[in-house]
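Undergrad: what's the 3D shape of this:
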Amino acid sequence: MTANSQEFSELFELLGALRDGFITEQQHARLDRLLASDHKMQQYYVDYILLCSELRRHYGTSKSDETSDFKTALTFVSTSEQPLIKALEQDERKEAERAAEEAAKQAEARKEAIRQFAEEALAEFKEQERRRQEELAYKEQLARRRQLVFSIGSIVAMLVIVACVWLIRPKPPAPSSPVPTTPVLPPVVATITRSLDAQWSRDDFSTWVGTRLTASPLYLKCGLVQIVFDGGAEVILQAPCAMRLENGGRMFLQSGTISVEVPKRALGFTVETPTGTVTDYGTEFGMVVRQNGETEAHVYKGKVALANSTESGHPFATRMLRKGQAATIDKGGRIAKQTFDANLIVRRITDQPGYGIPGKRINLADIVGGGNGFQTGLLGTAIDVMTTKLLETPYNSSGRNINGRLTQSIKDFTYRTLPHFHYIDGVFLPVSTKGFIQVTSEGHRFAMRSVPRNVEYLRYIGNWAIPAQHRNADHVGAILNGIAYGSLDKPAIMMKRNKGITFDLNAIRADLPNTKIDRFTALCGISETDRAPYKQAKADFYVLVDGKTRFHSPALTPFTNAVPIDLELSETDRFLTLMTTYSSAVDNHTVFAVPALELVVTKQNTNEKETMDSNTAF
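TA: From the prediction side, this is the model:
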C-alpha cells in the first residue's frame, strides 16, 4: 500500500505531537496503523526520529528553542554531512541504550500488573470464603465439599498465576556486539598533473598524471611532481620533499623545496612549516625548508604574508614580501631579510629531461650557470673570476670568449668568495709566487708543484653550451671521446686555461634534507676541437676535497681519451674543488663533462617516517 500526500500530512502532524510529548492514545493508535501500512512511512518515521535526535544533540531539548532554531539546525544538518553521519552513529548507540532501559521498565510494569492481578484474585477468594462460612450452619456437608473445591481451585489458580509469571517474564537482553565501523577515508584534495623521474617513498604509490591525492602525508624521494589542489593552487614538489596535504587550500611542508603558483580563485592558499606560515595573496613564490628547520621564501610575482610560529617561544611576527623579495624564518622564530634568487627553486617541469634529477643527481655545471643543480641555471653563461659576476653572454657564436682575456700579468691571485651563489664557495686562478694557493674560504691551501707555463689567463668558468656555429671549422667546443657536451642532458664546465672553482657541500646538504652526497663523478679532458698541427696543448686536472688532492690526471692532450672521475665523499667532506693547470704555452679548452654529485636519499626522520606509514593516494 502506498500512502498519498494527505496521509503523509497526517503522519507529519502525528510525529510532531509525538515529538512534543502531547500525543493522545487515539493519535498513537492512528500512528501505529499508518506505520504498519506503508514502508515509505516507516522510513520517513525513522529519518524523522534520527533528525530530531541530532537536533537535540546540537541544540538541547528545550521546546522553546526547538521551534526557533529548527530551520537553522536543518540547514546545518544538510550542509554538514560528515558531522551528521558521526552524530547519527552516536545516536544509534544512545538509542540502543535507551531501548535496553525501556525494556527493563516494561518488564517491571508487567510484574506490577501481575501482582495487582494476584491481589485482586485473593480478595475475591476471601469474599467467597466469608459467604461460605455463613452457609456452614445449614449446609455443613455441602460447605465442606465446596471448601474442598474452592481450595483446589485456589491452588490451581495460584499455579496458573505462577506459571504465567514464569512464562511472560522478560528475557534479559542479549549483550549487543559492537558494530564494526568502516574506516573513514580522508577526502581527495589534489591531482597530479605532471611528473618527471618521480618516485614516492612507497613503490605502490602512483606518480601518473591524473592520480588523485588525499588529505594525508606524502614523501617524494626522487624527481619532480606537479599537483593542482582542488582549490586551484598549482604546486611543484622537488625531491626530497616531506609534506602533508591538509585540504584543497592548505598544506604542511615538513622539509624540502616547492614552488607555488596561485590563480585568483585560490587566493589565500597557505603553506605551513615547522617554523612559520606563508599565506598567498595571488602570486607565484618558492619555499625551502632546510635540514635545520629554517624556512626560506622567495616571491616571483605578487605578494605573500610571512608569519613565524609562536611555538618557538619568539614573539609573533609577520612580514609582507613582494615581487623580487625573500626572507627566512630560523628555528627561533626570527624573520630576516634574504637575497632574492630566481633560480634557487624549480618553477617549471620541462619536456626535455636534464642531467640533474632531484633526489638522485646534482648537475654542477648548472650551479655554475646560476642554478640549483636541476636545470634552473642558464646554458652558455659563465662566472668572471675577476668580478665574480655571472655573465649571460660570455661567448660568441663560435664559442670564443668575448673580452675574457686578462692582459695584465698576475703573479699572486687572491681567492674570491661568491656569497651570491648558494652552493659555490669561491673561484681562483692557480698562480702564486709563494708555492701555494688558497682554495677555500676556510683557508685550505694547495701546494703548487710547478708554476703554469701559460701566463696569459682567460677569465671565465662557464656552464658550456654547444655554440650556434658548432659546424664551423673554426669553432671551439667541449668534445670528448667524440661526444659533444654542452646541453641539458650532457652538461659541461668549461675552464679554458688555468682556473679553479670550489663548491660548498654543506650548503648543498642544508637544502636536501634526509639526503647523502655519496660521490662525485665526471669526465675530464681537453676538447678534441684543439686538435691542430700547431697546437701542442697539455693540461693537468685536479679534484681536491678540503684542500687535499683526491684525483690528479697529468699531461692530458686533445688526442688522449677523456679520463673518468669517481670519488666517494663522506659526511664530513665540505669543500669540493675542480682545478686545471696548463703545462703548455698554447690555448687549451679544458672540460669537466657531466660533473655531478650522486645522491642517496636516506630514511626520513622518526616523525616523518611515522606519518608516511599512514599515507594514502589512489
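Undergrad: tell me where the stretch 351-500 of the chain has helices.
TA: 364-368 (DSSP state H, counting those that start in this stretch).
Undergrad: can you list the low-confidence ranges for it?
TA: 397-409, 449-457, 469-476 (pLDDT under 70).
Undergrad: do I have it right that residue 544 meets residue 550?
TA: Yes - assessed by Cβ atoms under 8 Å, residue 544 is found in contact with residue 550 at 6.5 Å. Yep, even glycine has a C-beta here, placed from its N, CA and C like the rest.
Undergrad: between those two, which one's more packed in?
TA: residue 544 (21 against 17; other Cβ atoms under 10 Å).
Undergrad: can you give me the distance of the nearest residue to that one once chain neighbours are set aside to residue 500?
TA: Nearest residue to residue 544, sequence neighbours excluded (Cβ to Cβ, 6 or more residues apart in numbering): residue 577, at 3.9 Å. According to Cβ to Cβ, to the nearest Å, residue 577 stands 6 Å off from residue 500.
Undergrad: about what we covered before: helix, strand or coil for the residue nearest to residue 544?
TA: Under DSSP: H, G, I helix; E, B strand; the rest coil, residue 577 falls in the strand class.
Undergrad: and the pLDDT at it?
TA: Per-residue pLDDT puts residue 577 at 98.
Undergrad: now the common contact residues for residue 577 and residue 500.
TA: Taking Cβ atoms under 8 Å, 6 or more residues apart in numbering as the criterion, residue 577 and residue 500 both touch residue 439.
Undergrad: quick one: the helices in the stretch 1-150 of the chain?
TA: Under DSSP H, counting those that start in this stretch, the stretch 1-150 of the chain gives helices at 5-20, 25-37, 39-59, 63-79, 81-134, 140-168.
Undergrad: ugh, typo on my part, it should be the stretch 201-350 of the chain
TA: Going by DSSP H, counting those that start in this stretch, the stretch 201-350 of the chain shows no helices.
Undergrad: where along it do the strands fall?
TA: 212-214, 217-229, 234-247, 250-261, 270-272, 276-280, 284-289, 295-301, 303-308, 318-322, 326-329, 335-338 (DSSP state E, counting those that start in this stretch).
Undergrad: pLDDT weak spots in the stretch 201-350 of the chain?
TA: Using pLDDT under 70, the stretch 201-350 of the chain drops low at 312.
Undergrad: give me that answer again for 80
TA: 310-314 (pLDDT under 80).
Undergrad: relative to residue 54, how far out is residue 47?
TA: Going from residue 47 to residue 54 by Cβ to Cβ gives 11 Å.
Undergrad: repeat for residue 510
TA: In terms of Cβ to Cβ, residue 510 sits 53 Å off from residue 54.
Undergrad: neighbour count for those two, which is higher?
TA: residue 54 (20 against 16).
Undergrad: relative to residue 7, how far out is that one?
TA: Separation of residue 54 from residue 7 (Cβ to Cβ): 25 Å.
Undergrad: same deal with residue 289?
TA: From residue 289 to residue 7 the distance is 64 Å (Cβ to Cβ).
Undergrad: for residue 344, same thing?
TA: Taking Cβ to Cβ, one finds residue 344 at 72 Å from residue 7.
Undergrad: quick one: buried residues of stretch 20-34?
TA: 23, 31, 34 (16 or more other Cβ atoms under 10 Å).
Undergrad: where's residue 342 relative to residue 325, distance?
TA: 12 Å.
Undergrad: need the overlap of contacts for these two.
TA: In contact with both residue 342 and residue 325: residue 298, using Cβ under 8 Å, 6+ apart.
Undergrad: looking at those two, which is more packed in?
TA: The residue with more neighbours, out of residue 342 and residue 325, is residue 325; 19 against 13, by other Cβ under 10 Å.
Undergrad: could you pull out the strands for the stretch 351-500 of the chain?
TA: Going by DSSP E, counting those that start in this stretch, the stretch 351-500 of the chain shows strands at 361-363, 381-384, 390-391, 416-417, 424-428, 436-438, 445-447, 460-463, 479-480, 483-484, 492-494, 499-504.
Undergrad: so for residue 598, which of the ones you listed sits nearest?
TA: For those, the distance to residue 598 is smallest for strand 361-363, at 5.7 Å, taking Cβ to Cβ.
Undergrad: residues of the closest one that come out buried?
TA: By neighbour count on 16+ other Cβ under 10 Å, the buried set for strand 361-363 is 361-363.
Undergrad: swap in stretch 215-232?
TA: Residues 215-232 are the ones in stretch 215-232 that count as buried (16+ other Cβ under 10 Å).
Undergrad: next: stretch 50-57.
TA: 50-56.
Undergrad: what do you get for stretch 556-571?
TA: Per 16+ other Cβ under 10 Å, stretch 556-571 contains these buried residues: 556-558, 562, 565, 569.
Undergrad: how far does it stretch from start to finish?
TA: Counting by Cα to Cα, to the nearest Å, you get 31 Å between the two ends of stretch 556-571.
Undergrad: quick one, phi psi at the nearest residue to residue 266 once chain neighbours are set aside?
TA: Once flanking residues are discounted, residue 266 sits nearest to residue 232: 3.4 Å by Cβ to Cβ, 6+ apart. Phi and psi for residue 232, reported as degrees, to the nearest 10, are phi 120, psi -20.
Undergrad: contact partners for residue 232?
TA: Residue 232 sits next to 262-263, 265-266, 269 when contact means Cβ under 8 Å, 6+ apart.
Undergrad: about what we covered before: more neighbours: residue 344 and residue 7, which one.
TA: The neighbour count for residue 344 versus residue 7, taken as other Cβ under 10 Å, is higher for residue 344 (23 against 15).
Undergrad: would you agree the more buried one is in contact with residue 373?
TA: No - in this structure, residue 344 is not within contact of residue 373 by Cβ under 8 Å, at 10.4 Å.
Undergrad: mutual contacts of those two, please.
TA: By Cβ under 8 Å, 6+ apart, no residue touches both residue 344 and residue 373.
Undergrad: would you map the helices across the stretch 501-618 of the chain?
TA: 505-510, 606-612.
Undergrad: hmm, back to that, now the strands of the stretch 201-350 of the chain in JSON lines, with distance to residue 432?
TA: Listed next are the strands of the stretch 201-350 of the chain as JSON lines, based on distance: least, Cβ to Cβ, whole Å:
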{"stretch": "strand 212-214", "distance to residue 432": "57"}
{"stretch": "strand 217-229", "distance to residue 432": "43"}
{"stretch": "strand 234-247", "distance to residue 432": "40"}
{"stretch": "strand 250-261", "distance to residue 432": "39"}
{"stretch": "strand 270-272", "distance to residue 432": "49"}
{"stretch": "strand 276-280", "distance to residue 432": "46"}
{"stretch": "strand 284-289", "distance to residue 432": "37"}
{"stretch": "strand 295-301", "distance to residue 432": "37"}
{"stretch": "strand 303-308", "distance to residue 432": "46"}
{"stretch": "strand 318-322", "distance to residue 432": "44"}
{"stretch": "strand 326-329", "distance to residue 432": "37"}
{"stretch": "strand 335-338", "distance to residue 432": "35"}
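Undergrad: out of these, the one nearest residue 106 is which?
TA: strand 212-214 (47.7 Å).
Undergrad: that closest one packs against which elements?
TA: strand 188-200 (3 or more Cβ pairs under 8 Å, 6 or more residues apart in numbering; DSSP states H and E).
Undergrad: roughly how far is the strand it packs on from the heart of the chain?
TA: 11 Å (Cα atoms, centre = their mean, to the nearest Å).
Undergrad: and that strand, what does it pack onto?
TA: strand 212-214, strand 217-229, strand 234-247.
Undergrad: partners of the last one in the sheet?
TA: What that stands for is strand 234-247. Counting by DSSP bridges, the strands paired with strand 234-247 are strand 217-229 (antiparallel), strand 250-261 (antiparallel).
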